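>>> just to be clear, the model below is a prediction. Sequence and coordinates:
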Amino acid sequence: MIGVFPTEEQDAVQKQLSRVLRAVVSQRLLKRIEGTGRVPAVEIMFVTQAISNLVRKGELEQIYSLMQTGNSEGMLLLEQSLASLFAYGLVNEAEALSLVRDTSIFQARVLQIQESCKFKKRVETCSRCRWDLVRDRCFVIPRQSGCNQVTGGANAVRLHRSKRR
């Protein structure tokens, strides 16, 4: 953003931006895994005193490292958002990884989510309609009309309905 101004004005713009900027939210839209629609992957940065100083000095490349340590201030890296979308089955891994800058952050977040919900994947057969059902990523296949399955996540609904078509 600063680069669009003439060189002689960039220092003044950096100083002014460092004083007025409070937060930056960016999003990338990714195709949903089931193919219909898109889902946003977001990155959130709240401007702290340290970030404000970096903007004023023009040391923008160091902001990313401050964002990595800014979880307690509500900051969210794109890698963390992408990992959540992948782990909960909303986007495929290839598309998520195509936007990742640091794969170790992505992998750590996926692992954290998997461990927190006792990530399991197993195939069962619906006791009523005899279709194979996948229990995956904390989702349990929901009850369908005339089906004996318990309630669960939205992805499981789509998976079960698509099997019946």
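That came through, no problem.
>>> distance check, Gly35 against Val100.
In this view, Gly35 and Val100 are 22 Å apart by CB to CB, to the nearest Å. In short, each C-beta sits where N, CA and C put it, glycine included.
>>> the two - which one has more neighbours?
Val100 (18 against 6; other CB atoms under 10 Å).
>>> name the nearest residue to the more buried one, ignoring sequence neighbours.
Nearest in space to Val100, with sequence neighbours left out and distances taken as CB to CB, 6 or more residues apart in numbering, is Phe106 at 4.7 Å.
>>> let me see the mean pLDDT of the helix or strand Ile113 falls within.
Using DSSP states H and E, Ile113 falls within helix 103-116. Across helix 103-116, the average pLDDT comes to 86.
>>> surely the residue nearest to Val100 touches Glu79?
Yes - Phe106 is within contact range of Glu79, at 4.5 Å (criterion: CB atoms under 8 Å).
>>> which neighbours do these two share?
Each of Val100 lies in contact with both Phe106 and Glu79 under the rule CB atoms under 8 Å, 6 or more residues apart in numbering.
>>> tell me which stretches of the chain form helices.
7-20, 49-57, 63-68, 78-87, 93-97, 103-116, 154-164 (DSSP state H).
>>> most packed of those?
Per residue and on average, the most neighbours among the helices of the chain fall to helix 78-87, with a mean of 24 (mean count of other CB atoms under 10 Å).
>>> residue contacts, Leu29?
So, once contact is read as CB under 8 Å, 6+ apart, Leu29 ends up touching 38-41.
>>> one more time with 6 Å
38, 40 (CB atoms under 6 Å, 6 or more residues apart in numbering).
>>> now do Ala87
With CB under 6 Å, 6+ apart, Ala87 has these contacts: 110, 113.
>>> so how far is Glu115 from it?
10 Å.
>>> what's the answer for Glu34, then?
26 Å.
>>> which residue would you name as the spatial centre of this protein?
Ser81 (1.9 Å; CA atoms, centre = their mean).
>>> is it true that it touches Ile44?
No - with contacts counted by CB atoms under 6 Å, Ser81 stays clear of Ile44, the gap being 8.6 Å.
>>> re the thing from before, turn the helices of the chain into a markdown table, including distance to Arg28.
Listed next are the helices of the chain as a markdown table, based on distance: least, CB to CB, whole Å:
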| stretch | distance to Arg28 |
| --- | --- |
| helix 7-20 | 23 |
| helix 49-57 | 21 |
| helix 63-68 | 16 |
| helix 78-87 | 7 |
| helix 93-97 | 10 |
| helix 103-116 | 14 |
| helix 154-164 | 20 |
